[in-house]
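Colleague: next come a sequence and a model predicted from it.
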Amino acid sequence: MVLPFGCQMNRSDTERIRTVLNSMGLEESESEDDPDLAIKGIIACSIRQKAVDRVYGKIRNWNSSKWKPLTFLSGCFLPADGEKFEALFDFVFPIDLASKLPEMIRERTGDDFTNSISLPSGEFADSDVMEKRIESFWQLQPAYSSGSEAFIPIQNGCNRFCTFCAVPYTRSREVSRLPAGILAELRYLVGKDYRSFTLLGQNVNSYGHDRKDSKLNFAALMKSIGKIGRETGKDFWTYFTSPHPRDMNGALFDVIAEYDVLAKQIHLPLQSGDDEVLSRMNRNYSVADYQQVVHEIRGTLPGATLFTDIIVGFCGETDAQFERTLEAMREIQFDMAYIAKYSPRPGAASAGWADDVSREVKEQRFAKAGEVLREIASRKKREMLASKQKVLLCGRNEQKGYFSGYTEGRVPVRLALDAVNAKSAEKNVENRSRVGEFTTARITSTGSLSVEGRML
Ligand code: 5AD
Ligand code: SF4
């Protein structure tokens, strides 16, 4: 049993770890409490303290249970947490050494499971070693958790050092995956009729900058994917997350506009609507720079939806500065925003600064930003009313009576089962098998973050 504890990258890492466990003849158990469990693992996430605390909670619980399978921890964790985890887990290893897990377990068999084995994190310092290791990790064939949607890692690490963020310390510097591996994985999945891909990296649009090949860049990678779409004639949507506004350029939008298989949805983290806060966050752009990028997106991709990330209550954020974030949200008109209350992450630069916005004020700002988001987003959703939309069906909830899916712009859509179910059992089976397919729907009602429709 292996539990992902975080973001999409974390879930993608988990799919590759599953392959390693499967290759040892282990099958995933449905339940954590299964007494036959041989090994339990966590793929950690350090983006918020809450996720780190969950790891501590879980391992204490596992360690105090009567039967004690082997436990391991990998994923995204700070060196300081790693040391503490070593005392609690049997194995603690960086994600790019996952393929060594069988060896580690073999070495350990027969042991009393009380001392932990960990791999020298000092190797992180050598970029060549790291590059080789992460490439071999990427070469593992993932045990995909869906038959129609897949995450494809294209990069690991980050060179940007935003002051609030722990990623450059948990995942180290940027390493771009070689395009041959990315395109081979994508081609394989396209051949299996996958419908949705999300290219993953911490700073995807700086893809290729760490490689010597000057022709390697994110727009070129996207173009190659566009060409695969044309060559194969298959219908799919390709997303990416997350880019950095500073590394955006018009060439990428031209490529997205050119190919149908490149989805018209952009997730572009803003973080704050105030220049002074942005500067202290070391984001390296002003609100005006960000708006210029949005202007280019809307010029080249007029139908594209725009998603963002916002942090409220960053160190020293005043009421007036927070108001400017709300103003920017209103001006830019996001379709979706992932809003987070600032929490200091040990290791990140801002962890040494006063976390001086009180919890109550963070809560208030969080609620207010959510309100503004819903206000803007519901107006945008209303524009979809009565329109015809192509929808990817990704789940079915029989109890609650609906299919769930999303549009190319990643707007969640609920489609009532009643409207699509003929009464016969035969039709029912037919509808069940439609998960993972595209359908066309008429939008019948809209909310703030999702819409409802009827299948046509
Ligand atoms: N506190 C709150 N939010 C954070 N994020 C990253 N670090 C922190 C932090 N210390 C948010 C950012 C980023 C998203 C993935 O998580 O908005 O874009
Ligand atoms: Fe963290 Fe900034 Fe890198 Fe994103 S760009 S992973 S927020 S350091």
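Modeller: Great, that's in hand. Ligands and ions are numbered 1, 2, ... in the order given.
Colleague: C-alpha only now, for contacts and for neighbours.
Modeller: Fine.
Colleague: and the residue of the stretch 301-450 of the chain nearest ligand 2?
Modeller: Here the residue of the stretch 301-450 of the chain nearest ligand 2 is residue 348; by CA to the nearest ligand atom that distance is 8.8 Å.
Colleague: can you pull out the low-pLDDT segments for the protein?
Modeller: Scanning the chain for pLDDT under 70 picks out 109-129, 418-432.
Colleague: contact residues of it facing ligand 2?
Modeller: Taking CA under 6 Å from any ligand atom as the contact definition, the chain meets ligand 2 at 158, 160-162, 165, 167-168, 202-203, 244.
Colleague: which single one of these is nearest to ligand 1?
Modeller: Nearest to ligand 1, judged by CA to the nearest ligand atom, of the residues of the chain next to ligand 2 is residue 165 at 4.2 Å.
Colleague: which residues touch the closest one?
Modeller: Each residue near residue 165 by CA atoms under 8 Å, 6 or more residues apart in numbering is listed here: 47, 345, 348-349.
Colleague: enumerate the residues of the stretch 151-300 of the chain near ligand 1.
Modeller: Contacts of the stretch 151-300 of the chain with ligand 1, taken as CA under 6 Å from any ligand atom, map to 164-165, 269, 271.
Colleague: correct me if wrong: residue 272 contacts residue 325.
Modeller: Yes: under the criterion of CA atoms under 8 Å, residue 272 makes contact with residue 325 at 5.4 Å.
Colleague: who has more neighbours out of these two?
Modeller: The neighbour count for residue 272 versus residue 325, taken as other CA atoms under 10 Å, is higher for residue 272 (29 against 24).
Colleague: any idea how far the more buried one is from residue 298?
Modeller: Per CA to CA, to the nearest Å, residue 272 is found 20 Å from residue 298.
Colleague: that older thread, out of the contacts of residue 165, what pair is the most spread apart?
Modeller: Using CA to CA, the two most remote members of the contacts of residue 165 are 47 and 349, lying 14.0 Å apart.
Colleague: compare those two (neighbour count), which wins?
Modeller: residue 47 (20 against 17).
Colleague: excluding its backbone neighbours, what's nearest that one?
Modeller: residue 166 (6.8 Å; CA to CA, 6 or more residues apart in numbering).
Colleague: for that neighbour, the count of nearby residues, please.
Modeller: As a burial measure, residue 166 scores 26 neighbours (other CA under 10 Å).
Colleague: also residue 375?
Modeller: 15.
Colleague: now the closest residue to the residue of the stretch 301-450 of the chain closest to ligand 2 other than its chain neighbours. Its backbone dihedrals?
Modeller: Take residue 348 and drop its neighbours on the chain: the residue closest to it by CA to CA, 6+ apart is residue 166, 5.0 Å away. Main-chain dihedrals, residue 166, degrees, to the nearest 10: phi -100, psi -10.
Colleague: again with residue 195
Modeller: The phi/psi pair for residue 195 (degrees, to the nearest 10) is phi -110, psi -20.
Colleague: that one: what's it in contact with?
Modeller: By CA under 8 Å, 6+ apart, the residues touching residue 195 are 148-149, 235-237, 392, 436-437.
Colleague: residues contacting the closest residue to it other than its chain neighbours?
Modeller: If the residues on either side of it in the chain are set aside, residue 195 comes closest to residue 236, at 4.3 Å by CA to CA, 6+ apart. Listed by CA under 8 Å, 6+ apart, the contact set of residue 236 reads 190, 194-197, 229, 261.
Colleague: neighbours around the residue in the chain positioned nearest to ligand 1, how many?
Modeller: Using CA to the nearest ligand atom, the single residue of the chain nearest to ligand 1 is residue 342, 3.7 Å away. Neighbourhood size, residue 342 [other CA under 10 Å]: 19.
Colleague: any idea how far the residue nearest to residue 47 is from residue 247?
Modeller: 20 Å.
Colleague: checking residue 194 next. Helix, strand or coil?
Modeller: coil (DSSP: H, G, I helix; E, B strand; the rest coil).
Colleague: the stretch 101-250 of the chain: helices as residue ranges?
Modeller: Secondary structure of the stretch 101-250 of the chain by DSSP state H, counting those that start in this stretch: the helices cover 101-108, 127-138, 167-170, 179-191, 218-232, 250-258.
Colleague: next, the angle from the last one to helix 218-232.
Modeller: Orientation check (axes from the mean of the first three to the mean of the last three CA atoms, to 10 degrees): helix 250-258 against helix 218-232 gives 20 degrees.
Colleague: would you mark the buried spots in helix 250-258?
Modeller: By neighbour count on 16 or more other CA atoms under 10 Å, the buried set for helix 250-258 is 252-257.
Colleague: could those residues go into JSON lines alongside distance to residue 175?
Modeller: Formatted as JSON lines, the buried residues of helix 250-258 follow (distance: CA to CA, whole Å):
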{"residue": "252", "distance to residue 175": "20"}
{"residue": "253", "distance to residue 175": "23"}
{"residue": "254", "distance to residue 175": "25"}
{"residue": "255", "distance to residue 175": "23"}
{"residue": "256", "distance to residue 175": "24"}
{"residue": "257", "distance to residue 175": "27"}
